[in-house]
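1. no sequence on hand, only this structure:
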């Protein structure tokens, strides 16, 4: 799903939720290591600022 949203729908994954977490933070915190590695490979930032 992440690959589809990032590659096909051009969703901005460098955003933060209301608690200040990015998708990369959430992937790592929830042990979604394959997703976290994919986001890092795609140069997704840990923070926009």
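-> Okay, I see it. From a predicted model like this one, the values you see are computed outputs, not experimental measurements.
2. which stretches of the protein have low pLDDT?
-> Filtered on pLDDT under 70, the chain yields the residue ranges 46-49.
3. ok, which stretches of it are helices?
-> Using DSSP state H, the helices found in the chain span residues 2-7, 23-29, 33-41.
4. how near is residue 36 to residue 15?
-> Distance, residue 36 to residue 15, by Cβ to Cβ, to the nearest Å: 16 Å. Where C-beta positions appear, they are placed from N, C-alpha and C, glycine not excepted.
5. residues contacting stretch 23-43, please?
-> 2-3, 6, 13, 15, 17, 21, 44-46 (Cβ atoms under 8 Å, 6 or more residues apart in numbering).
6. so residue 5 sits against residue 11, correct?
-> Yes. The pair residue 5 / residue 11 is scored as a contact, 4.3 Å apart, by Cβ atoms under 8 Å.
7. tell me who's in contact with residue 11.
-> residue 5.
8. make it 10 Å
-> Contact analysis of residue 11 by Cβ atoms under 10 Å, 6 or more residues apart in numbering lists 2, 4-5, 23.
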